[in-house]
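Novice: This is a predicted model, with the sequence first.
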Amino acid sequence: MQDHGEANAGRRTGGTGPSRRGVLGLAGGAALLASGCGPDGTADSRPGTGGTERGTGPAPEGVLGVNFNEEPRGVTTAVLDDLRTKWVRGFVAMPDLDTVQALRQPAISSITSFADSGYGTVLSLKFPFRGKPLPQPGTRAMDAELARVDRVLGAVLGKVDILVIGNEPFLETRQEDRASLLNPFYEAVTAHVIAEREKHCGTRCRTSLYMGALNRLEDPAWRTPAADAWLAHVKATPQIDGVDIHPHVSRIEDAEAYTDYVLPAIRPEQRFLATEFSLVQWWKQHWSDPVPTVYADRHRVPADTAVWEAVRDAVADPVTQQRWRDLLMNSPWFATRQDYLTNQVRRFRATGRLAVAAYGTLQQPPMARDIGPEKTPWLLNSLYANLVAQPSANGDLAHNPVYFDAFRALQDPAGGS
């Protein structure tokens, strides 16, 4: 049964958030100079909520930041300030480095710009190999992949706070390669990154290293010998600070399978990231439910309209913020999960080993394309309802009816612990 927990404190319906125009711009202008560490290999510390003293200052502990995945457009300092967070995460797909300079690649440009502005930053390296075999150590294909990695490292080492080696490796690798090719590939990449970090930054580099992220661990079929070997490598590698997880689940209890599996398998001083997490699988179970009766009556839509049809129509012609709220808050499957974000972050923090969690921020165009009954409803996760609901009279973007306020409340450790 879903844990609803206490009601979120301080919910608000208005505010002076970023305007539609401000959000649609690319986050900041990144410096077009190669990045690195200071003369002695150190750097100033980044914001967090405490932690253990490291060579670069306090390590992040229990942080909640925003996630833009590969699409940073619109995630600006105004958005982060509106959400009261000091941390941001994104990922870069390695093939991008074949066609654009590293510091002009959108995710890298944005992340380094945020770092320059004093925000805490997490960047994940995505290796998309769902359509071909993973390269193996000692081959030309591996050399080419490491050359891509080097382009990223030259731009971000000593600037970003956390570099995650991998995005969703088990999902982004062919099924037939997961048991045999996956671990040798990622272990070779990790060894290369560790050596390059030592060369660029020495032993006191600002950039800490994690490996990730593991998916679908609520399903025992995904807790495989290959996943065990992945975690064994994390545990055996002293330069790795921990592991990333992505619990996109249908029940908050399912996320516990991730921490229960991961944390005993790594060293006690190692931590975990949750750079993506959500209830999207629960939303998907109700995507084809009829809209609530009160919504149908109030807004004069057929009673048999499916939720996905109402969302599709809102994408085509954004509705008022009140109408969007009416759709979600009168749907029991959403309203009974309104404390999910608060409860999930509290559970992560209660382990005592969360470094950084990151939650989806803006509704992004790919989420709104080809909406139908089989579409994964990522649109329902986001902190802003920028693609489905009209901005306010003063231009502020619409918010998620509950998670926006919950996210802000969780920035106060006293209110969100």
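Specialist: Here it is on my side, so go on. Quantities reported herein were computed from a predicted structural model and do not represent experimental measurements.

Novice: Quick check on the nearest residue to residue 232 once chain neighbours are set aside: phi, psi?
Specialist: Counting by C-beta to C-beta, 6 or more residues apart in numbering, residue 265 is the residue found nearest to residue 232 once chain neighbours are left out, at 7.2 Å. Placement of C-beta: from N, CA and C, glycine included. Main-chain dihedrals, residue 265, degrees, to the nearest 10: phi -90, psi -10.

Novice: and what of residue 336?
Specialist: Per degrees, to the nearest 10, the backbone of residue 336 is at phi -80, psi 0.

Novice: Next, the contact list for residue 378, please.
Specialist: Counting by C-beta atoms under 8 Å, 6 or more residues apart in numbering, residue 378 touches 278, 280, 360, 363, 364, 367.

Novice: hmm, 6 Å instead?
Specialist: residue 367 (C-beta atoms under 6 Å, 6 or more residues apart in numbering).

Novice: quick one, strands of this protein?
Specialist: 53-54, 57-58, 63-67, 87-93, 120-126, 162-165, 208-214, 240-245, 271-274, 354-360 (DSSP state E).

Novice: CSV for the ones you listed, including distance to residue 308?
Specialist: Below are the strands of the chain laid out as CSV (distance: least, C-beta to C-beta, whole Å):
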stretch, distance to residue 308
strand 53-54, 46
strand 57-58, 44
strand 63-67, 24
strand 87-93, 27
strand 120-126, 28
strand 162-165, 32
strand 208-214, 27
strand 240-245, 28
strand 271-274, 27
strand 354-360, 19
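
Novice: can you list the ones you listed in TSV and add distance to residue 314, mean pLDDT and mean neighbour count?
Specialist: Below are the strands of the chain laid out as TSV (distance: least, C-beta to C-beta, whole Å; pLDDT from 0 to 100; neighbours: other C-beta atoms under 10 Å):
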stretch	distance to residue 314	mean pLDDT	mean neighbour count
strand 53-54	46	34	12
strand 57-58	43	68	16
strand 63-67	23	98	25
strand 87-93	26	98	25
strand 120-126	30	98	25
strand 162-165	34	98	24
strand 208-214	31	97	24
strand 240-245	32	98	25
strand 271-274	29	98	26
strand 354-360	18	98	26
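
Novice: pretty sure residue 210 contacts residue 166?
Specialist: No - using C-beta atoms under 6 Å, residue 210 is not in contact with residue 166; the gap is 8.9 Å.

Novice: hang on, the earlier thing: so what pLDDT did the residue nearest to residue 232 get?
Specialist: pLDDT, the model's per-residue confidence, is 98 for residue 265.

Novice: if I look at it, how far off is residue 61?
Specialist: 20 Å (C-beta to C-beta, to the nearest Å).

Novice: same thing with residue 357?
Specialist: Taking C-beta to C-beta, one finds residue 357 at 11 Å from residue 61.

Novice: swap in residue 103?
Specialist: 30 Å.

Novice: before we move on, what about residue 268?
Specialist: Applying C-beta to C-beta, the value for residue 268 to residue 61 is 15 Å.

Novice: who has more neighbours, these two?
Specialist: residue 61 (18 against 8; other C-beta atoms under 10 Å).

Novice: tell me the pLDDT at that one?
Specialist: In this model, residue 61 carries a pLDDT of 96.

Novice: Next: residue 412.
Specialist: Taking residue 412 on its own, its pLDDT is 82.

Novice: Contacts only, for it.
Specialist: The contact partners of residue 412, by C-beta under 6 Å, 6+ apart, come to none.

Novice: Number the chain from 783, please
Specialist: Shifting the count to begin at 783 puts that one at residue 1194.

Novice: roughly how far apart are it and residue 867?
Specialist: 11 Å.

Novice: One more: residue 849?
Specialist: Plainly put, residue 849 is 11 Å away from residue 867 if you go by C-beta to C-beta.

Novice: Over to residue 940?
Specialist: 23 Å.

Novice: again with residue 1069
Specialist: For residue 1069, the distance to residue 867 - C-beta to C-beta - is 29 Å.

Novice: same question, residue 1193
Specialist: From residue 1193 to residue 867 the distance is 6 Å (C-beta to C-beta).

Novice: Tell me the helices and strands packed up against the longest helix belonging to the chain.
Specialist: The longest helix of the chain (DSSP state H) is helix 964-983. In terms of contacts (3 or more C-beta pairs under 6 Å, 6 or more residues apart in numbering; DSSP states H and E), helix 964-983 is packed against strand 944-947, helix 1007-1018.

Novice: Single out the most deeply packed of those.
Specialist: strand 944-947 (a mean of 24; mean count of other C-beta atoms under 10 Å).

Novice: picking up where we left off before, of residue 1193 and residue 867, who's got more company?
Specialist: Ranked by neighbour count (other C-beta under 10 Å), residue 1193 and residue 867 place residue 867 first, with 23 against 17.

Novice: residues contacting the closest residue to that one other than its chain neighbours?
Specialist: Closest residue in space to residue 867, ignoring its immediate chain neighbours: residue 847 at 5.1 Å, by C-beta to C-beta, 6+ apart. By C-beta under 6 Å, 6+ apart, the residues touching residue 847 are 867, 869, 870, 871, 1138, 1140.

Novice: beta partners of residue 847?
Specialist: According to DSSP bridges, the residues that bridge with residue 847 are residue 1140.

Novice: buried ones in the longest helix of the chain?
Specialist: When neighbours are counted by 16 or more other C-beta atoms under 10 Å, the buried residues of helix 964-983 are found to be 964-972, 974-976, 978-979, 982-983.

Novice: tell me the mean pLDDT over it?
Specialist: Averaging pLDDT residue by residue across helix 964-983 gives 97.

Novice: Check stretch 885-892 too.
Specialist: 98.

Novice: What's the local residue count around the residue nearest to residue 1014?
Specialist: 16.

Novice: Residue 1038 now?
Specialist: 16.

Novice: Return the residues in contact with it.
Specialist: Not one residue lies near residue 1038 by C-beta under 6 Å, 6+ apart.

Novice: hmm, 10 Å instead?
Specialist: 999, 1000, 1029, 1031, 1129, 1133 (C-beta atoms under 10 Å, 6 or more residues apart in numbering).

Novice: how close does it sit to residue 889?
Specialist: 30 Å.

Novice: give me the low-pLDDT residue ranges for the chain?
Specialist: 783-839, 1195-1199 (pLDDT under 70).

Novice: From residue 871, how far off is residue 928?
Specialist: 23 Å.

Novice: Please name the residues that touch the residue nearest to residue 1076 when sequence neighbours are not counted.
Specialist: The shortest distance from residue 1076 to any non-neighbouring residue, by C-beta to C-beta, 6+ apart, is to residue 1112 (4.9 Å). Contact analysis of residue 1112 by C-beta under 10 Å, 6+ apart lists 1073, 1074, 1075, 1076, 1077, 1078, 1080.
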